[in-house]
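> got a sequence here, can you build the structure:
(4 chains)
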Number of protein chains: 2
Amino acid sequence: MRADARDNRDRVLEAASDVFATEGANASLRLVAREADVGLATLLRHFPSRDALLEALLRTGFSRLAARGDELRVAQDPRAALLTWLRDFVECADTSRGVVAAMTAAIEDPQSALHAACVEMRTSGADLLVRAQEAGAVRRDLDGNDLFLLAGGIAWTYGQGRTTPQRAHLLDVQLEALLS
Amino acid sequence: MRADARDNRDRVLEAASDVFATEGANASLRLVAREADVGLATLLRHFPSRDALLEALLRTGFSRLAARGDELRVAQDPRAALLTWLRDFVECADTSRGVVAAMTAAIEDPQSALHAACVEMRTSGADLLVRAQEAGAVRRDLDGNDLFLLAGGIAWTYGQGRTTPQRAHLLDVQLEALLS
DNA sequence: ACCTGAACACCGTTCAAGT
DNA sequence: ACCTGAACACCGTTCAAGT
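Just a heads-up that it's a prediction; the model follows:
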C-alpha cells in the first residue's frame, strides 16, 4: 500500500474510534470522514461498508479474546475461564453503543465483513462453554449460539447502565445468574 | 377531532404497526406515511416524533400491563407475579425490533413522548419486585431501575433468537436465572 | 494507485399555501 | 381545522474526472 493511502487509512480508523465511541456505532460515516480530513469516498474505498470499519476496529480485541480463550482453557478451572471470557466479551462490545446489535446481525449474514470475526468469537466461547458444562458450572441445554446471544444481551444491558457502579453491578448480577 | 383527521390518524397507526413490525422501530416515517396514504407532514402533525408514534402503539399493551400488575400483586404469590409481569414486558417489547432501545432511551429523557409511559411501567414492575424480594424470590440488591434494564436486556436477547423454540428457550433460561 | 467532488435517491423537519 | 407539496440539510452509494 502506498504511504499516503496507509496514512489515510490510519486516520480514518482513529477518527472512527473516536466518533463511534461518543456517537455510537451508527454514527454518520460522513462525520467520520470529516474528522479524518478525508473525502467520504476515500473512507469507503478503504472500508466498503460500516461493518468493514467495525471489523477493523474490533479485530484487535477479538483476536486477543480468542487467544485468551485458548490460554484460559488450559490454565483455569472451567467456570472461571468462561467467566473471564464473558467479561472480555462485554468489554469488547462496550467500545461503542450499538455494536452488539451489529455483531448479532453480522453472525446471521455471511455477506457481512464482520461475519467471520463473530463466528470465530462464537466458537471460542463455545469451547469454554462445553468445558464449563462438563464441570457442571452451567446448564447443559445451551449451545454456542445461545451463549453468543446471551452474552450479547448481557453486554447490551451493561451498556444501558447510567453510572459506572450501576453498570458493574448489572454485569455482576447477570454473570452470577447465568453461571448459577 | 374532525372525522377526516381521525381517519388519517387511525390509518397512520395501522400502517406504523405493520411497518415497524417488519422493518423495526427505526423504519422510515416516510414509508409509514406512504403506506397510510397520507402526506408525511400529516403524519408528523398527528405524531410530532417517532417516540410519540411508538407511545401510541405501545399504550394499549402498557396500560394492560400496569393493570395486570395490580391484579397480580393481590392474586398471586410474589414470585409468580413478577414472572408473569416479566413475560408480559417481553411480549410488549417484542412488537418491533429496536423498541426496547427506544424505551431505555426514553426513560432517561423527560422530553420524550415515551417517557411517562416507561416510568409508569418501571413503577409497576418495581412494586412487584419489592414484594418478590420480601418473599425471598429475588436478590435484594436490585431496584426498579435495575429491573427495568434487566427486563430490557431479556427482551433484547429474546428478540435476537432466530427460531421460535430458541426464542422461548432463551426467555426461559433468562427468567430462571434472574429469579434464581 | 489513489483521491475526490458531484450526482443520486433517500431521510426527518419545517412552513407557506391550499381547502 | 386540517392537509400537503416543496425546500432544507442531512445520509450512504456510485462514478467520472483528476493527480
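
> can you report how many residues lie near the residue in chain A that DNA strand D sits nearest to?
Proximity of chain A to DNA strand D (Cβ to the nearest atom of the strand) peaks at A:S28, 3.1 Å away. C-beta: built from backbone N, CA, C; applies to glycine. A:S28 is flanked by 11 other residues according to other Cβ atoms under 10 Å in any protein chain shown.

> for A:R34, see how far away it is.
A:S28 sits 9 Å away from A:R34, going by Cβ to Cβ, to the nearest Å.

> what's the answer for A:L170, then?
For A:L170, the distance to A:R34 equals 35 Å [Cβ to Cβ].

> neighbour count: the two, which is higher?
A:L170 (22 against 15).

> please name the nearest non-neighbouring residue to that one.
Ranked by Cβ to Cβ, 6 or more residues apart in numbering or on different chains and with sequence neighbours excluded, the top spatial neighbour of A:L170 is A:G161, at 5.0 Å.

> buried set for the lowest-mean-pLDDT helix or strand in chain A?
Ranked by mean pLDDT, DSSP states H and E, the helix or strand of chain A with the weakest confidence is helix A:50-75, at a mean of 87. Across helix A:50-75, burial judged by 16 or more other Cβ atoms under 10 Å in any protein chain shown covers A:50-51, A:53-58, A:61-62, A:65-66, A:68-69, A:72-73.

> over to stretch A:25-34?
Buried, per 16+ other Cβ under 10 Å, within stretch A:25-34: A:25, A:27, A:29, A:32-33.

> likewise stretch A:86-94?
A:86, A:88-90, A:92-94.

> would JSON lines of those with pLDDT, distance to DNA strand D and secondary structure be doable?
Output for the buried residues of stretch A:86-94, formatted as JSON lines (pLDDT from 0 to 100; distance: Cβ to the nearest atom of the strand, whole Å; DSSP: H, G, I helix; E, B strand; the rest coil):
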{"residue": "A:L86", "pLDDT": "97", "distance to DNA strand D": "31", "secondary structure": "helix"}
{"residue": "A:D88", "pLDDT": "95", "distance to DNA strand D": "29", "secondary structure": "helix"}
{"residue": "A:F89", "pLDDT": "96", "distance to DNA strand D": "26", "secondary structure": "helix"}
{"residue": "A:V90", "pLDDT": "97", "distance to DNA strand D": "26", "secondary structure": "helix"}
{"residue": "A:C92", "pLDDT": "95", "distance to DNA strand D": "22", "secondary structure": "helix"}
{"residue": "A:A93", "pLDDT": "96", "distance to DNA strand D": "20", "secondary structure": "helix"}
{"residue": "A:D94", "pLDDT": "96", "distance to DNA strand D": "21", "secondary structure": "coil"}
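
> TSV please, covering these and showing distance to chain B.
TSV is the format used below for the buried residues of stretch A:86-94 (distance: Cβ to the nearest Cβ, whole Å):
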residue	distance to chain B
A:L86	13
A:D88	19
A:F89	14
A:V90	12
A:C92	17
A:A93	12
A:D94	14
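
> turn these into JSON lines, including distance to DNA strand C.
Putting the buried residues of stretch A:86-94 into JSON lines (distance: Cβ to the nearest atom of the strand, whole Å) gives the following:
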{"residue": "A:L86", "distance to DNA strand C": "36"}
{"residue": "A:D88", "distance to DNA strand C": "33"}
{"residue": "A:F89", "distance to DNA strand C": "32"}
{"residue": "A:V90", "distance to DNA strand C": "31"}
{"residue": "A:C92", "distance to DNA strand C": "28"}
{"residue": "A:A93", "distance to DNA strand C": "27"}
{"residue": "A:D94", "distance to DNA strand C": "28"}
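
> of those residues, which is the nearest to A:A116?
A:A116 has its nearest neighbour among the buried residues of stretch A:86-94 in A:C92, at 15.5 Å by Cβ to Cβ.

> thought that closest one was touching A:L58?
Yes - counting by Cβ atoms under 8 Å, A:L58 is a contact partner of A:C92 at 6.5 Å.

> filter the buried residues of helix A:50-75 by proximity to chain B?
Restricting those to those touching chain B (Cβ under 8 Å from any Cβ of the partner chain) yields no residues.

> filter the residues you listed by proximity to DNA strand C?
The subset of the buried residues of helix A:50-75 within reach of DNA strand C, by Cβ under 7 Å from any atom of the strand, is empty.

> B:A137: which of those is nearest?
The nearest member of the buried residues of helix A:50-75 to B:A137, counting by Cβ to Cβ, is A:L72 at 33.7 Å.

> before we move on, back to that, what helices and strands are in contact with the least confident helix or strand of chain A?
In this structure, helix A:50-75 packs against helix A:3-23, helix A:29-35, helix A:78-93, helix A:99-106, helix A:115-134, with contacts taken as 3 or more Cβ pairs under 8 Å, 6 or more residues apart in numbering or on different chains; DSSP states H and E.

> packing partners for the third one?
The one in question is helix A:78-93. Contact here means 3+ Cβ pairs under 8 Å, 6+ apart; on that basis helix A:78-93 packs against helix A:50-75, helix A:99-106, helix A:115-134, helix A:144-160, helix A:164-178.

> phi, psi for the residue of chain A closest to DNA strand D please.
Backbone dihedrals for A:S28, given as degrees, to the nearest 10, come out at phi -60, psi 130.

> what parts of chain A come near chain B?
A:104, A:108, A:139, A:141-142, A:145-146, A:149-150, A:152-154, A:156-157, A:160-162, A:166, A:169-170, A:173-174, A:177-178, A:180.
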